[in-house]
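K.L.:
Let's see this in three dimensions:
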Amino acid sequence: MNNTDVLIALEAIRQLKARYLRFVDTKQWDGFQALFCDDATMDISDDVPDLILTGSQVIRDAVSHSLAECLSVHQGFMPELDILSPTEARGLWAMQDKLQWTRDCGNGIRDLDGWGHYHETYRKVGDEWRIQTLKLTRLRLDAVRW
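P.N.:
Next comes the predicted model:
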């Protein structure tokens, strides 16, 4: 890849992550699901032990269900991105999230403030970059229970 192609890929991945953050907070689930490869995995075992979701539909269903009664703000910043080939890349994003459930949904948590990192891989499908794997790791998690 020449330098121009690398810069175009880097910007496309930044836009992909920006849409991810916006779609999850605005609950645009069709758009959210379209950001993932069909066989994507999401590892959120730092939040829920042993929970690794496989498949874009499964990811959408789990995230939309867990955030149905939740006001959320997710931020991703300071990306470290590597373009590995014309169709593969990886990234690390510092993150912060703030979640507030509007009623007790059985998870026992009313408010959550978290900091950590998104560890991701990406694959280019046709002309679009998509998330292939996402692992959320936590540095700190503050929760207020009902």
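K.L.:
The host helix or strand of Ala40 pairs with which strands, and in what direction?
P.N.:
Here Ala40 is covered by strand 36-43, with elements defined by DSSP states H and E. Using DSSP bridges, strand 36-43 pairs in its sheet with strand 52-54 (antiparallel), strand 128-145 (parallel).
K.L.:
Mind checking the pLDDT average for it?
P.N.:
With pLDDT averaged residue by residue, strand 36-43 scores 98.
K.L.:
chain center to it, what's the gap?
P.N.:
Here strand 36-43 shows a centroid-to-chain-centroid distance of 10 Å under the convention CA atoms, centre = their mean, to the nearest Å.
K.L.:
mind checking the backbone torsions on the residue of the chain most remote from its centre?
P.N.:
In the chain, the residue that sits farthest from the middle, by CA atoms, centre = their mean, is Asn2; the gap is 28.5 Å. Here the main-chain torsion angles of Asn2 (degrees, to the nearest 10) amount to phi -80, psi 170.
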